[in-house]
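*Asks:* Have a look at this prediction, sequence included:
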Amino acid sequence: MTDKKLLLRLNLLFFSFLAFGTSLFSQNFDALEYRTVGPARGGRVTTVTGVAQEPGTFYLGASGGGVWKSTDYGTSWNNVSDGFFDTPSIGAIQVAENDPNIVYVGTGSDGLRSNVISGKGMYKSIDAGKTWEHIGLKNVGQIGAVEIDPTNSNVVWVAAIGNAFKSNPERGVYKTTDGGKNWEKVLFVSNKVGFADIELLPGNPNVVYAAAWKAERKPWTIISGGSADEGGIYKSVNGGKDWIKLKKGLPEGTIGKIDLAVSQVNSSIVYAIVEAPEGKQGLYKSINQGKSFKHVSDDIRLVNRPFYYTNVELDPTNPEIVYSNANPLIKSEDGGKTWKEMSVPHGDNHDIWLNPNNPGLLIQANDGGANVSFNGGKTWSTQFNQSTAELYQVEVDDQYPYWLYAGQQDNYTTIAVPSFPPSGVQNPGSAWVINTGGCETGPAVPKPGNHNIVYANCKGRFGVFNKLTGVEKSYYVGASNIYGHNPKDLKYRFQRVAPVHVSPHNPDVVYHGSQFLHKTDSDGYSWETISPDLTAFEADKQVISGSPITRDITGEEYYSTLYSIRESPLKEGLIWTGSNDGVVSVTQDGGKTWQNVTPKKLPKGGRVESIAASHHDMATAYIAVDRHLLGDAKPYIYKTTDYGSNWKLLSTVSNGIPSDHTSRVLREDPVKPGLLYAGTEYGMFVSLNDGDSWQSFQQNLPVTPITDIKIFRGDLVLSTMGRGFWILDDITALRDAAITSSEKKPHLFKPDNTIRYRYPKVRTGGSFPKYPRTAVYIDYYLAEKTEGLQLEILDANKETLVTILSDSTLLKSSVSEEENMDLSTTFRYVNTKLKTKKGLNRFEWDLREKGPWHKEEKRRYKNGPMVPPGWYTAKLTIGDTSRMQDFEILPDPRVKDEGMTPELFEKQHSMQRSILNLLTEARQLEHQLEKEAKKLELEDADSAKLENIEMALKELKNDEGAYPQQMLVAQISYIYYMVNSADQVVGEDVIARYNELKTMFAGIKNKVQ
């Protein structure tokens, strides 16, 4: 992200601290940044387009990941909406035909899933996506289509579906004639009827077709369609001033979602895919600009889950070639009479764009991302280069380094990715994504103490996955397939995202939720039901989902199920549950007795997304409730201190979280009481005072829903619904009492204990995923911009190992990697200086002490040995005043298991220093002799001395040219590399070789003295 984008983001999302005195950090937490760790594979892409004038340029719009652009035929993708858009949900993208720099984007996906993210109106770019401006229509909800007049890019049409979860008067068709400065609603049916698509007639953009759609999503059903008066196709021939309803040949009764396509080479031909009752659904075709239609095909594949798919496109050069995006992607070459399936990298298809100058060059969108084809769809570009994964939750295991687990929407199984490179691989972006059982919904919960066992879920089906064998054992509660049922008839109602929770007291005890709480202590072999129905179970919500035309019963709409489970970490048997219809329950005796403790002032029916049982007080718990599926976007975060008898609302109108930021998750810090983290529909917030006030904690995060939060080993770990996993390394400073101090003076925070990982030999091939080098994070606060800072790292004897300055006259901070062919490896040269800005600053010390001397200043003292495990001190000097904080560096547990002891670490370190000193002496002697030789050559004197020096240099340094014989300095570098590459017992050969080289160096030195 550019600095300009980041600044704009911070301006958009910044919310200041309120009501609890002056804080050191009322400005911001800019020094703390999140990093993305994947997965690399894309998530749902709802719209795509290309640029006819620039064949390699394409745009994709993700359902929760924003707008991305490729300029190399899909080989790589970069996000272009971060920092500008208020929502990551994209419905339509159009590029002006007469100027590829002009791009319009309509937000709000048209696939009205229960997790669809609301739109926030229209955006425009006049520089091909470098910058964006919001141009209105903020309240129109989901946007189904955008069309630009090909003769005038200031004339733009928008089809607004509306708010997905309630009626709203902003539904309709809109038009601007001044590039978005002003909008006119030119077609409106009702508060319940919006428009899914709009098309302009080629050659005459005043002729317009619009597809009306009555649509609304409820937690328990999807409404797609209505009476003939509530849907259908409209046409205007005078630029939207007047409209007629096209009826001849179209369904006369109930009608649902419609998508349109007009031929670019024969404007008389219009196609429509129509959701309608059985026998009337499918493809309709007009050959007279809509005066009449003929029902061409009732192939059920054309209207497979129409609320979610329904997209028809034509070959721009041949109106008989028709594409239908649904599940599967199908193609007709005879005007829709017959169809054949096309193979794409992923199912669940949403959009396709074909280059009008070369229809064999196309881009296609599906639930796995976007993919480009050069050959009409025979082969496709990869989807493992766009980090737009939709994740439902995050769990972490207890291995070193730890891994992150989740259900990924439309992945075949749950997944896991590492927090730090665990090994050396060829392609980290994709190689470090592993399958962990279950399916797309998850969760996947690794067993404490044995990370190879994962409790995985798939839409209520519980499994036990073994990572060593790749096999999953099935232990479904009730062993009954619940698909397609009316929920009232089910013995066990499981939500699509059914919760799984492992007891913090016993890793063999696992809880699982239907409408009841189930418990196993035998890895699912047998289950015990330990509760009554813990939901509201209102009769009118127990219906077959999908009306009035298309059934859609995947478990997503099963209402009155458990959605969250948490056992208190302080007391075994104290268990909290939350249902997706708004009920909070608690037992204090392991399920023998239960109480309904739903907050009295909480509006009914919301989804209890998360429960956080306090780490500090048994009677305390927090809940986050989501009511956006009921048309209420407000955040509902509550706290109880008396086992649920009374609750306090922590998300008031004025305490920091905006009223449209639906609450998704809340977690309490396990170390510091009162430190809370909240994830919302549009980002992260933090409270340092137990929820009395909140501050944006978005930092460099993209705008996207935060679906889950874990605090683990001092890190803040997030899952998102559209941008994968993110980690904020080391939140220790937030736990320091000084974080809320009112004193206006500098402060050095105590660094967290740091595990001493070695970075494996991996070439990441770019900036994704973000894997940090091992570092001690040293945070410090400056009351004002301060020059002349000095940071020292002291060992246990208080001797200085490293000194870092803020002097801007020194080398600029930089990182470079240079290949050394002699050693067949790549060295990394890091130059850093201290930041001096007012507020919170962070320095990352790489655990390396001073390296060997080098004649090139940028390499001098770099790549020193890693310090051994032990206690160290950070000393920050500002002027005449110093501040000191101790911290510990811990060994990598894997290395410890190999047998490395403190004594062995010290022996290795002693050898490293000895070789380092020898290398420094040898390099300095070489440099000194080179200067002397040059001087003697210029003076043309003392030829014997010059000859002696040249002989010594031949022994010290390599000759120029390819593959020279390795001489003394290179030989010392060789063994220095050997003893620094791993934590190990130093081999006998190295010791012998060191002594040999030391003797050789002494001999050379004596010759020239």
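*Replies:* Structure's in. What do you need?

*Asks:* Do you have the strands of the stretch 851-1000 of the chain handy? List them.
*Replies:* In the stretch 851-1000 of the chain, the segments counted as strands under DSSP state E, counting those that start in this stretch are 870-878, 881-891.

*Asks:* Show me what residue 173 is bridged to.
*Replies:* Counting by DSSP bridges, residue 173 is bridged to residue 159, residue 187.

*Asks:* That one contacts residue 200, doesn't it?
*Replies:* No: applying CB atoms under 8 Å, one finds residue 173 not in contact with residue 200, separated by 12.0 Å. From N, CA and C alone the C-beta is placed, and that goes for glycine too.

*Asks:* Find residues that contact each of these two.
*Replies:* residue 157 (CB atoms under 8 Å, 6 or more residues apart in numbering).

*Asks:* higher neighbour count, those two?
*Replies:* A direct count of neighbours by other CB atoms under 10 Å for residue 173 and residue 200 places residue 173 higher, at 26 against 20.

*Asks:* which residues touch that one?
*Replies:* 157-160, 185-188, 195, 198, 210, 234, 240.

*Asks:* Now do the phi/psi pair for residue 719.
*Replies:* phi -120, psi 150 (degrees, to the nearest 10).

*Asks:* Quickly note the distance from it to residue 132.
*Replies:* 26 Å (CB to CB, to the nearest Å).

*Asks:* more crowded one of those two?
*Replies:* Remark: of residue 719 and residue 132, residue 719 carries more neighbours, 31 against 21, as counted by other CB under 10 Å.

*Asks:* Surely residue 778 touches residue 802?
*Replies:* No: using CB under 8 Å, residue 778 is not in contact with residue 802, being 11.2 Å away.

*Asks:* Need the residues touching each of the two.
*Replies:* Joint contacts of residue 778 and residue 802 (CB under 8 Å, 6+ apart) are residue 845.

*Asks:* can you tell me the helix or strand for residue 211?
*Replies:* Under the criterion of DSSP states H and E, residue 211 resides in strand 204-218.

*Asks:* What residues sit buried inside that strand?
*Replies:* 205, 207-218 (16 or more other CB atoms under 10 Å).

*Asks:* nearest to residue 708, of those residues?
*Replies:* residue 217 (22.1 Å; CB to CB).

*Asks:* circling back to that earlier point, between the contacts of residue 173, which is closest to residue 848?
*Replies:* Of all these, residue 158 has the smallest distance to residue 848: 56.1 Å, by CB to CB.

*Asks:* Three-state assignment for residue 123, please.
*Replies:* What DSSP: H, G, I helix; E, B strand; the rest coil gives for residue 123 is strand.

*Asks:* these two touch, right, it and residue 133?
*Replies:* Yes: Residue 123 is in contact with residue 133 according to CB under 8 Å; the separation is 6.8 Å.

*Asks:* okay, these two: which has more neighbours?
*Replies:* residue 123 (26 against 13).

*Asks:* And that one, how far from residue 47?
*Replies:* 13 Å.

*Asks:* and what of residue 87?
*Replies:* Where residue 47 is concerned, residue 87 sits at a distance of 14 Å (CB to CB).

*Asks:* more neighbours, these two?
*Replies:* Taking other CB under 10 Å, residue 87 and residue 47 do not tie; residue 47 has more neighbours (29 against 24).

*Asks:* Would you agree that one falls within a helix?
*Replies:* No: counting by three-state DSSP, residue 47 is not found in a helix; it is strand.

*Asks:* what residues are up against it?
*Replies:* Residue 47 touches 60, 61, 90, 91, 92, 93, 350, 351, 365, counting by CB under 8 Å, 6+ apart.

*Asks:* check which helix or strand covers residue 637.
*Replies:* Element membership for residue 637, per DSSP H and E: strand 636-640.

*Asks:* which outside residues touch that strand?
*Replies:* Residues outside strand 636-640 that contact it (CB under 8 Å, 6+ apart): 597, 599, 602-603, 606, 619-627, 646-651, 657, 663, 666, 678, 690-691.

*Asks:* Could you tell me which strands that strand is paired with, and in which direction each runs?
*Replies:* If you go by DSSP bridges, strand 636-640 pairs up with strand 621-626 (antiparallel), strand 648-649 (antiparallel).

*Asks:* Which stretch among those strands is buried most, on average?
*Replies:* strand 621-626 (a mean of 28; mean count of other CB atoms under 10 Å).

*Asks:* Pull the distance from that one to the chain's centre.
*Replies:* Here the centre of strand 621-626 is set off from its chain's centre by 23 Å, with CA atoms, centre = their mean, to the nearest Å.

*Asks:* List of residues touching it?
*Replies:* Applying CB under 8 Å, 6+ apart, the set of residues contacting strand 621-626 is 566, 568, 576, 578, 582, 584, 586, 599, 602, 606-614, 635-640, 643-644, 650, 662-666, 668, 676, 678-679, 691.

*Asks:* Would you map the helices across this protein?
*Replies:* 3-13, 428-431, 732-735, 893-897, 902-939, 943-956, 968-980, 988-1007 (DSSP state H).

*Asks:* what's the longest one packed up against?
*Replies:* Put plainly, it is helix 902-939. Secondary-structure packing of helix 902-939 (3 or more CB pairs under 8 Å, 6 or more residues apart in numbering; DSSP states H and E): helix 943-956, helix 968-980, helix 988-1007.

*Asks:* Let me have these in TSV, extended by mean pLDDT.
*Replies:* Converted to TSV, the helices and strands packed on helix 902-939 look like this (pLDDT from 0 to 100):
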stretch	mean pLDDT
helix 943-956	92
helix 968-980	95
helix 988-1007	95
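
*Asks:* Residue 284 touches residue 294, doesn't it?
*Replies:* Yes: if you go by CB under 8 Å, residue 284 and residue 294 touch, sitting 6.7 Å apart.

*Asks:* Excluding sequence neighbours, find me the nearest residue to residue 884.
*Replies:* residue 875 (4.9 Å; CB to CB, 6 or more residues apart in numbering).

*Asks:* and the one you found, how many neighbours?
*Replies:* 17.

*Asks:* Also residue 302?
*Replies:* Neighbour count for residue 302, taken as other CB under 10 Å: 27.

*Asks:* Would you check that it makes contact with residue 324?
*Replies:* Yes: counting by CB under 8 Å, residue 302 does reach residue 324; the two are 5.1 Å apart.

*Asks:* in this protein, which ranges drop under the pLDDT threshold?
*Replies:* Residues of the chain meeting the criterion pLDDT under 70: 1-27, 742-743, 763-767, 807-831.

*Asks:* circling back to that earlier point, want to try JSON lines for the strands paired with strand 636-640, with distance to residue 915 as columns?
*Replies:* Output for these, formatted as JSON lines (distance: least, CB to CB, whole Å):
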{"stretch": "strand 621-626", "distance to residue 915": "55"}
{"stretch": "strand 648-649", "distance to residue 915": "62"}
